[in-house]
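please find the sequence and the predicted model below.
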Amino acid sequence: MAVNTLEVRSLTKVIGKKKIVDDVSFSVKKGEIFGLLGPNGAGKTTIIRMIVSLIKRTAGEVTVNGNNLDGQFKKTMSEIGAIVENPEFYKYMSGYKNLKHYANMAIKEVSDERIMEVARLVKLEDAIYQKVKTYSLGMRQRLGVAQALLHNPSLLILDEPTNGLDPQGIREFRDYLHALAHEGISVLVSSHLLAEMQLMCDRFAIIEKGKLIHISSMKETMEEDEKMEVIFEVSSSLKAVDVLKGQLSNTDVKVLSEDQFSVNVEKATISTINKLLISKGIDVYGIRTVTVSLEDRFLEITNKEVKEHGGVMQ
Ligand SMILES: Nc1ncnc2c1ncn2[C@@H]1O[C@H](COP(=O)(O)OP(=O)(O)O)[C@@H](O)[C@H]1O
Ligand SMILES: [Mg+2]
């Protein structure tokens, strides 16, 4: 069985009397981009700081490539590259010199070739000899990732990496994160922005008030909803609705215009409706599903949790 790159088991942090992180468990597979999603103050940064050993765990275990942080600290840490706080760079030095400086402090030996390799990986090769003060925010962010990747870690951890980036910067960032994952690097990334996580991650966990309240793949989350809204374009929506009301009693049908109506149905029912309409001489010109955004799903999931566990949402 393949070993997960990262395994977090029952991670807990208590400060004073408050449980800031409460029994959080998840794993990140090789080459996977895994998201920690949750509102500000949920505990994402605290989880990350415990994984990278910036703060002590109250309880719980962390393993990277099967090595336990408690037993093999140095080995485990050498597999992790992280940006937790904004990395500091010398603005009057080039990107290259900054990386060289970090390379000299790295846990493992870092060759000059490796410096150029990471510069290429984060698409900074053309600007690497320019002073950092000439870099855009996005370029500085990428230099931060380059620095985190210098010692060739198998796990990259980024806490709210797109904060302060413009939409173009966020898009570029996402693209090269996918490229890194494609090279086999696993990524743990946190954000409070749902739409962004939807595009960036393969799987995600929702963290709320220190607890992990939901975990699933992006694909599942988008597909697990049994019913979806589907819009049909037809020769006559009134005739179509008459047919459906007679044949599919429990279906929620809405007329949108003369030639469009919507239904809320399971996937299999779409083809049933299509066949039914055609058999009654109604022409079907188009069928499209209205996709549910992660934001809708997120609200659904968190509202359900609130109802079930009596929590209070801000
Ligand atoms: N050192 C600390 N002492 C007391 N409370 C803290 C400390 N660090 C974080 N917290 C609290 O823990 C909660 C989670 O914080 P944090 O992990 O930064 O959340 P997030 O990164 O999801 O915004 C917040 O309520 C925060 O105020
Ligand atoms: Mg945070």
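Happy to help now that I have it. Ligands and ions are numbered 1, 2, ... in the order given.

what residues go with each domain of the chain?
Domain assignment for the chain by automatic domain parsing gives 6-222, 226-290.

ranking those domains by burial, who's on top?
Comparing these by mean neighbour count (mean count of other C-beta atoms under 10 Å), domain 6-222 ranks first with a mean of 18. Quick note: C-beta positions are derived from backbone N, CA and C, even for glycine.

quick check: residue 165 touching residue 137?
Yes: counting by C-beta atoms under 8 Å, residue 137 is a contact partner of residue 165 at 6.3 Å.

measure residue 134 to residue 147 for me?
Distance, residue 134 to residue 147, using C-beta to C-beta, to the nearest Å: 18 Å.

swap in residue 84?
Residue 84 is 12 Å from residue 147, by C-beta to C-beta.

which SS class is residue 7?
strand (DSSP: H, G, I helix; E, B strand; the rest coil).

OK, contacts around it?
27, 61-64 (C-beta atoms under 8 Å, 6 or more residues apart in numbering).

near ligand 1 at all, the host helix or strand of residue 50?
According to DSSP states H and E, residue 50 maps onto helix 44-51. Yes: using C-beta under 6 Å from any ligand atom, helix 44-51 comes into contact with ligand 1 via 44-46.

of those, which is the nearest to ligand 2?
residue 45 (3.2 Å; C-beta to the ion).

thought the closest one was touching residue 157?
No: the criterion here is C-beta under 8 Å, and residue 45 misses it with residue 157 at 10.9 Å.

can you pull the residues that touch both of the two?
residue 84.

so residue 242, which state does it fall into?
helix.

any idea how far residue 131 is from it?
Distance from residue 242 to residue 131, by C-beta to C-beta: 72 Å.

then residue 90?
9 Å.

then residue 51?
Distance from residue 51 to residue 131, by C-beta to C-beta: 33 Å.

now the strands for the stretch 201-314 of the chain?
203-208, 211-217, 227-234, 252-257, 260-266, 284-290 (DSSP state E, counting those that start in this stretch).

what's in contact with the longest one?
Strand 227-234 is contacted by residues 240, 256, 259-267, 270, 273-274, 277, 282-290, 292 when judged by C-beta under 8 Å, 6+ apart.

now the angle from that strand to strand 260-266?
Strand 227-234 runs at 150 degrees relative to strand 260-266, counting by axes from the mean of the first three to the mean of the last three C-alpha atoms, to 10 degrees.

adjacent strands (with direction) for strand 227-234?
strand 260-266 (antiparallel), strand 284-290 (antiparallel) (DSSP bridges).

tabulate the CA atom coordinates of it in CSV.
Extracted C-alpha coordinates of strand 227-234, given in CSV (Å, rounded to 0.1, in the frame of the first residue of the first chain):
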residue,chain,number,x,y,z
LYS,A,227,-30.4,16.3,-7.3
MET,A,228,-29.4,19.0,-9.6
GLU,A,229,-31.1,21.9,-11.4
VAL,A,230,-31.4,21.2,-15.1
ILE,A,231,-32.7,23.6,-17.7
PHE,A,232,-34.4,22.2,-20.8
GLU,A,233,-34.8,24.2,-24.0
VAL,A,234,-37.9,22.9,-25.9
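
that strand vs strand 252-257, what angle?
Going by the same axes, to 10 degrees, strand 227-234 makes 40 degrees with strand 252-257.

the last one now?
Angular relation of strand 284-290 and strand 252-257 on a 0 to 180 degree scale: 120 degrees, by the same axes, to 10 degrees.

the chain should start at 622 in everything you say after this.
Okay, using 622 as the starting number, the last item reads as strand 905-911.

circling back to that earlier point, could I get the domains of the chain as JSON lines with mean pLDDT?
Formatted as JSON lines, the domains of the chain follow (pLDDT from 0 to 100):
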{"stretch": "domain 627-843", "mean pLDDT": "90"}
{"stretch": "domain 847-911", "mean pLDDT": "88"}
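
distance to ligand 2 for those - can I get that in TSV?
Converted to TSV, the domains of the chain look like this (distance: least, C-beta to the ion, whole Å):
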stretch	distance to ligand 2
domain 627-843	3
domain 847-911	33
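
tell me the contacts of the residue nearest to residue 793 when sequence neighbours are not counted?
In space, and not counting its chain neighbours, residue 793 is closest to residue 759: 6.4 Å by C-beta to C-beta, 6 or more residues apart in numbering. By C-beta under 8 Å, 6+ apart, the contact set of residue 759 is 786-787, 789-790, 793-794.
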